[in-house]
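S.K.: Pasting the sequence and the predicted coordinates here, then a few questions.
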Amino acid sequence: MSDTNQGNTPVQDDDLPQPEVRKSKLGFSLIWLVPIIAALVGISLMVTHFTSAGPKITVTFLTAEGIEANKTQVKYKNVVIGKVTTMRLSKDRTHISVVIDLEKDAAAFATKGTRYWVVRPRIGASGVSGIDTLLSGAFIGADAGDSQDDQNDFTGLETPPAVTHGAPGRRFVLHASDLGSLDIGSPVYYRRIQVGRIVSYELDKDGKGVSLQLFVDGPNDRFVSKDARFWNASGVDVSLGADGLKLNTQSLATVIAGGVAFQDPPGPHEETAAPEMQEFTLFNDQGTAIAPPDGKPRYIRMRFEHSLRGLAVDAPVEFLGVKFGRVVSVNLDYDEKTQTFPVIVGAVVYPDRLGQAHDKLAKLSGGDGDSEMPKIMSGLVAHGLRAQARNGNLLTGQLYIALDFDPKAKKVEFNPNARPFEIPTTPGDFDHIQEQVASIVDKIEKIPFDSIGKNLDGSLHELNATLKQVNTELLPEAKRTLQGVNKTVGTANDALSEDSPLQQNIGNTLEELQRTIRSVRAFTDYLGRHPEALLRGRGADAAPPVSTPATPKQGKDVQP
Amino acid sequence: MSAPPRAQELGMMSCHVCRLVTAYSEDPHAHCPRCHSALHVRKQGSIARSWALLLAAAMFYIPANVFPIMRTQSLSSKDDNTILSGIFELWRAGSPGLAVIVFTASIVVPMLKFIIMTVLLVSVQRSSGLVSKQRARLYRFVELIGYWSMLDVFVVAILSALVHFQILSRVEPLPGVVYFGVVVVLTMLSAMSFDPRLIWDNRKSQ
Ligand SMILES: [Zn+2]
């Protein structure tokens, strides 16, 4: 390619300097490297674009809340694996479908079993989740499955799955009569430590109960044995029944949010860990959960001829003191023949709760299945088994049904083919108490309280008069006599006491006597020496030898 | 039609560097005897260079438009925008004026440059002497707008420098903007390497 115009013939001017000529080594214009590099860059970009492009998938959701095209990201374990590219409403306007461009290395998320859900801030029973989405906006969470089969259309979950795929642990199924305060995410406790949570729940197909799925995290899932018992640990359980007041609470969180607890039954039981998805019954409380297995329930009916005030549904039914059932219905009936209102009580009993007794009886009866229980019962009724409404709680007046043997019971006919079969009854012990009280009242009434009163009154009058007499006459006299006696005794006492005049007199007299004797001796001694004294009298110089008479005090020293 | 003679017709050419006038030589390897720089009547390989750069620019124009050029991140959202999606966004957000400016600067002008350069190069190569004056005007236009095309590159550069509050708000350039810059530079170089004197060279063949 030449830029110069070949058509011109230049005019050579010799005055002008001639240009130098140097040969270039390179015949190729380097400038063409630029578009070649550009092409290479472009091609490499195209190649990386096509090789890094992951699969395109479509996910349907009920609502597009929080999802935005070209903005909302798809995350797995908080790593971005894709992005929403377009979003559109379905033709029937029931849901929206979202097209997601997955990254190349996230191709495993376009397989069967992968789950997608929108992560929005959620405030639930188990706490607040997705709080980061408050600022960053919602994102789509993903959880890959096991399958290798490709799938490009998914139905998104409306609630985040409680368990991510591959998390260690096991799922189990619980059957309950109702959901109670449980919810997805409600905790599962083992010895009051949270080891799992409720994953999902659904109404049973027949509508007669609820099936809950729970997930117990590994390695604690090994504590769920084949015989494990689950009970509802929700809230505060206060029950005032025939067996008294009961108050049960779990942790505070459970009281507020509800939960499920499990434990092995006491005594011998299967220790091996339960397999995945084993089904359990959810009991209402720990007590019933731990009780021996119920076995197959049987329905019995009893007809009472008297009032059963205080007998409530769920009241226990006991067989010789063993609780083996509960009342399920209390209905009033009308008997045209006798024109009375018998009370028909229906109860569900669990013969298995009788343990060995039931096993042996069942063996003896030879019946099986449905006929076994009536056969056993007909034998027992023949031996005097009767149902009786008894008072279980004097405080509340609650009744329970007791099946007991009454040897004096009249023979009754028992129809073992009736369904439900009826167990004969005897009047309750409460009636006996009433009878006894009535007879006591009768006897009390027979006591002649009137005449007893009158007689008592007369006697009391007489007593009163006598007492008066005693007071006014007898007592002063006695007083005087006593005073006299007192005086006498006092005199005697005085006379006998150490410083009494009588004693002193005696002492004085004795002293006096001694002095006299001494005087006499002194006189005779003087006379012996001075016989002239008898004639001339006593000399002036002569000292009187006689001592002064003793003072009364000296008398003390003198022993009588 | 009498036109003033050109240097070539007078058997002369001049050095581009020291302006020494020498005798005409057809040899493409001729050098200035005074300063030893290359001597040529027209820019050496002007057409090939222009073509090469223009082709390279056109190739880079594709990734420049396909890749997002800017990521705006605020508290609640994260936006990756290509040129076109940015224009749509501006239009939707209620700034149609801005959208038109950006569209003109980033789409219309580069496209015009490609077209004009192609027209110029093709017409020069085919030795067409048609409307030389208008072609000269087109060339001047291309040179003039060259610096001001691809407004987005400047917008991204300025925004990235200004808006950088980490968590609260953030503008990041993305790979697209690099290709865009490359396109701007390459088209400018393409226009620069084009020798406008070629437009007039074919006058005689009219
Ligand atoms: Zn020179």
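M.R.: That came through, no problem. Residues are numbered from 1 along each chain as shown, chains lettered A, B, ... in the order given.

S.K.: can you list the domain ranges for chain B.
M.R.: Chain B breaks down into these domains under the TED database: B:1-41, B:45-199.

S.K.: Same list, these, but as CSV with mean neighbour count and mean pLDDT please.
M.R.: (Each C-beta comes from the backbone N, C-alpha and C, glycine too.) Shown next, in CSV, are the domains of chain B (neighbours: other CB atoms under 10 Å in any protein chain shown; pLDDT from 0 to 100):
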stretch, mean neighbour count, mean pLDDT
domain B:1-41, 16, 78
domain B:45-199, 18, 80
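
S.K.: looking at these, which is closest to A:W32?
M.R.: Closest approach to A:W32 among those (CB to CB): domain B:45-199, 5.2 Å.

S.K.: Any idea how far apart the tips of stretch A:81-99 sit?
M.R.: With CA to CA, to the nearest Å as the measure, stretch A:81-99 spans 13 Å from end to end.

S.K.: and if you look at stretch A:119-139?
M.R.: End residues of stretch A:119-139 are separated by 5 Å (CA to CA).

S.K.: now stretch A:268-278
M.R.: From start residue to end residue, stretch A:268-278 stretches across 20 Å - CA to CA.

S.K.: so which of the domains of chain B comes closest to the ion?
M.R.: domain B:1-41 (3.1 Å; CB to the ion).

S.K.: roughly how far is that closest one from the heart of the chain?
M.R.: For domain B:1-41, the distance from its own C-alpha centre to the chain's C-alpha centre is 28 Å (CA atoms, centre = their mean, to the nearest Å).

S.K.: got a list of what residue 191 touches?
M.R.: This is for chain A. Going by CB atoms under 8 Å, 6 or more residues apart in numbering or on different chains, A:R191 touches A:Q263.

S.K.: Please refer instead to chain B.
M.R.: B:A191 neighbours (CB under 8 Å, 6+ apart): B:50, B:113, B:117, B:139, B:142-143, B:146.

S.K.: The same query, at a cut-off of 10 Å, please.
M.R.: For B:A191, the contacting residues are B:50, B:53-54, B:113, B:116-117, B:120, B:139, B:141-146, by CB atoms under 10 Å, 6 or more residues apart in numbering or on different chains.

S.K.: Any chance of the domains of chain B in TSV with distance to the ion as columns?
M.R.: Formatted as TSV, those follow (distance: least, CB to the ion, whole Å):
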stretch	distance to the ion
domain B:1-41	3
domain B:45-199	19
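
S.K.: Reformat those as JSON lines; add distance to A:A387.
M.R.: Output for the domains of chain B, formatted as JSON lines (distance: least, CB to CB, whole Å):
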{"stretch": "domain B:1-41", "distance to A:A387": "125"}
{"stretch": "domain B:45-199", "distance to A:A387": "71"}
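
S.K.: nearest to A:D143, of those domains?
M.R.: domain B:45-199 (23.1 Å).

S.K.: so where's the stretch 401-550 of chain A shaky on pLDDT?
M.R.: A:428-435, A:495-498, A:500, A:538-550 (pLDDT under 70).

S.K.: circling back to that earlier point, mind checking which of the domains of chain B is nearest A:L456?
M.R.: domain B:45-199 (99.7 Å).

S.K.: contacting residues for residue 66?
M.R.: You didn't pick a chain, so chain A it is. Contact partners of A:G66, counting by CB under 10 Å, 6+ apart, are A:72, A:118-121, A:133, A:137-140.

S.K.: you looked at the wrong chain, it should be chain B
M.R.: Neighbours of B:V66 in contact, by CB under 10 Å, 6+ apart: A:45-46, A:49, B:82-84, B:176, B:179.

S.K.: Could you count how many residues lie near the closest residue to the ion within chain A?
M.R.: Nearest to the ion in chain A, going by CB to the ion, is A:P19, at a distance of 9.4 Å. Number of residues near A:P19 (other CB atoms under 10 Å in any protein chain shown) recorded here: 22.

S.K.: Also A:R419?
M.R.: 10.

S.K.: Shouldn't it be within a strand?
M.R.: No: assignment of A:R419 by DSSP: H, G, I helix; E, B strand; the rest coil gives coil, placing it outside any strand.

S.K.: So what does it look like in phi/psi?
M.R.: Main-chain torsions, A:R419, degrees, to the nearest 10: phi -130, psi 120.

S.K.: sorry, back to before: show me which of the contacts of B:A191 neighbour chain A.
M.R.: When contact is defined as CB under 10 Å from any CB of the partner chain, the contacts of B:A191 meet chain A at B:50, B:53-54.

S.K.: Helices of the stretch 51-200 of chain A, residue ranges please.
M.R.: All helices of the stretch 51-200 of chain A, identified by DSSP state H, counting those that start in this stretch, fall at A:133-136.

S.K.: Tell me which stretches of it form strands.
M.R.: For the stretch 51-200 of chain A, the strands defined by DSSP state E, counting those that start in this stretch cover A:53-61, A:73-76, A:79-89, A:96-103, A:115-119, A:122-124, A:127-129, A:139-143, A:153-155, A:169-176, A:187-190, A:193-203.

S.K.: what's the angle from the first one to strand A:139-143?
M.R.: Right, the one you point to is strand A:53-61. Here strand A:53-61 runs at 100 degrees with respect to strand A:139-143, directions being taken by axes from the mean of the first three to the mean of the last three CA atoms, to 10 degrees.

S.K.: hang on, the earlier thing: any of the contacts of A:G66 buried? List them.
M.R.: A:72, A:118-120, A:133, A:137-140 (16 or more other CB atoms under 10 Å in any protein chain shown).

S.K.: can you redo the strands of the stretch 51-200 of chain A as a markdown table with mean pLDDT?
M.R.: Shown next, in a markdown table, are the strands of the stretch 51-200 of chain A (pLDDT from 0 to 100):
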| stretch | mean pLDDT |
| --- | --- |
| strand A:53-61 | 86 |
| strand A:73-76 | 86 |
| strand A:79-89 | 87 |
| strand A:96-103 | 88 |
| strand A:115-119 | 86 |
| strand A:122-124 | 63 |
| strand A:127-129 | 63 |
| strand A:139-143 | 86 |
| strand A:153-155 | 87 |
| strand A:169-176 | 88 |
| strand A:187-190 | 86 |
| strand A:193-203 | 85 |
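
S.K.: Nearest approach to A:A357 belongs to which of these?
M.R.: Of the strands of the stretch 51-200 of chain A, nearest to A:A357 by CB to CB is strand A:169-176, at 28.2 Å.

S.K.: buried ones in that closest one?
M.R.: Buried residues in strand A:169-176, counted by 16+ other CB under 10 Å: A:169-172, A:174, A:176.

S.K.: quick one: which helix or strand includes the nearest residue to A:R353 once chain neighbours are set aside?
M.R.: Leaving aside its chain neighbours, A:R353 sits nearest to A:F324 (4.1 Å; criterion: CB to CB, 6 or more residues apart in numbering or on different chains). Here A:F324 sits within strand A:322-332, counting by DSSP states H and E.
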